[in-house]
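Chemist: Any chance you could fold what I've pasted below:
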Amino acid sequence: MKGENALGDFLRARRGRVRPDEAGLTSFGRRRVPGLRRDELAHLAGVSQHYLTRLEQGKDRNPSPQVLNALASALRLTPDERAHLTALADAPPHGVEPTVVSDAVQQLIDSWSQTPAYVRDRRFDVLAANKLAMALSPLYTPGQNLVRGMFLDPAARALFPDWRQIAAQSAAALRAEADPRDPATAELISSLLTDSLFRDSWSLHDVRPTRDEVKRFNHPVVGPLTLRRETLAIAGAEGQVIIAYQAAPGAPAAQALARLL
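Modeler: You can find the predicted model right below:
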């Protein structure tokens, strides 16, 4: 991952995703680029082409909030993508984040006997898990990296019926939440870029933080499961979140989870 010019990489990638007609521009003749040309984006954002070139080349890394807002509007960015653009432009690097989960949090997730739960950090390293989470999948074992496992572990492809979609979402979540200036994150991305599917997903520069949503599993022991994922930030532990899966009361998935222990 080229974290040293993450802002420029993101601007170029998103510029290539906007069609001229979507931006209200008339396109004539054959175009050499699939999306907006640099001069077109500069015009739409009300900045000079020279300045936009400097941003994309990493020669200027501190655009004003007004410029960022104009670029985000011209690029038709989603709220998540706007937040990511702002973070790339002016957020200071994250400090040293804790790699140990507190005893209180471990006791909390252990007390959820019917709820698979684990703790991960911003880099998607699993830091702690309860027994039911590890029974649901070895991916949720402390010491595992969720994104690496999703792309490189064949068991993940069998576990998730929607594996290809979930894998792409995990890459988009890593981009949204991880700090590109963190050396361990850069090393993780570099190792994953050897995988062609991850490389294709990462090159899209999609941004989508982890959300509460329904997820399907095809467990090798208890069969199909449909669970609701909840994401809970841990106060006082920067970057750590609890991921918990819940089955609807009385649903077949609840009975299946009970058979895992």
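Chemist: Ends of stretch 108-128, what's the gap?
Modeler: Between the opening and closing residues of stretch 108-128 lies a distance of 11 Å (C-alpha to C-alpha, to the nearest Å).
Chemist: List of residues touching stretch 183-196?
Modeler: 1, 3, 123, 145, 147-148, 151-152, 174, 178-180, 198-199, 202 (C-beta atoms under 8 Å, 6 or more residues apart in numbering). No exception for glycine: its C-beta is placed from N, CA and C like everyone else's.
Chemist: So this protein: which segments form each domain?
Modeler: Dividing the chain into domains by automatic domain parsing, as the record does, gives the ranges 3-90, 103-258.
Chemist: By mean pLDDT, show me the worst of those.
Modeler: Ranked by mean pLDDT, the domains of the chain end with domain 3-90 in last place, scoring a mean of 87.
Chemist: where along the stretch 51-200 of the chain do the helices fall?
Modeler: Along the stretch 51-200 of the chain, the segments classed as helices by DSSP state H, counting those that start in this stretch run 65-74, 79-90, 103-111, 131-136, 146-152, 154-159, 163-177, 183-192, 196-203.
Chemist: need those in a markdown table with distance to residue 34, can you?
Modeler: Listed next are these as a markdown table, based on distance: least, C-beta to C-beta, whole Å:
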| stretch | distance to residue 34 |
| --- | --- |
| helix 65-74 | 16 |
| helix 79-90 | 18 |
| helix 103-111 | 46 |
| helix 131-136 | 41 |
| helix 146-152 | 26 |
| helix 154-159 | 30 |
| helix 163-177 | 19 |
| helix 183-192 | 24 |
| helix 196-203 | 13 |
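Chemist: Tabulate these in CSV, adding columns for distance to residue 258 and mean neighbour count.
Modeler: Formatted as CSV, the helices of the stretch 51-200 of the chain follow (distance: least, C-beta to C-beta, whole Å; neighbours: other C-beta atoms under 10 Å):
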stretch, distance to residue 258, mean neighbour count
helix 65-74, 47, 17
helix 79-90, 36, 18
helix 103-111, 16, 14
helix 131-136, 9, 20
helix 146-152, 25, 21
helix 154-159, 19, 14
helix 163-177, 25, 19
helix 183-192, 35, 16
helix 196-203, 35, 16
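Chemist: looking at those, which is closest to residue 250?
Modeler: Go through the helices of the stretch 51-200 of the chain one by one with C-beta to C-beta and the one that ends up closest to residue 250 is helix 131-136, at 17.8 Å.
Chemist: Figure out how far the closest one is from the centre of its chain.
Modeler: Its chain's C-alpha centre and that of helix 131-136 lie 23 Å apart, by C-alpha atoms, centre = their mean, to the nearest Å.
Chemist: change the start of the numbering to 427 and stick with it
Modeler: Will do, 427 is the new start, and the previous item becomes helix 557-562.
Chemist: Relative to the whole chain's centre, how far out is the lengthiest strand in the chain?
Modeler: Within the chain, and with DSSP state E defining each element, the longest strand by residue count is strand 649-659. In terms of C-alpha atoms, centre = their mean, the gap separating the centre of strand 649-659 from the centre of its chain is 17 Å.
Chemist: quick check: angle from it to helix 529-537?
Modeler: Regarding strand 649-659 and helix 529-537, their directions subtend 160 degrees when assessed with axes from the mean of the first three to the mean of the last three C-alpha atoms, to 10 degrees.
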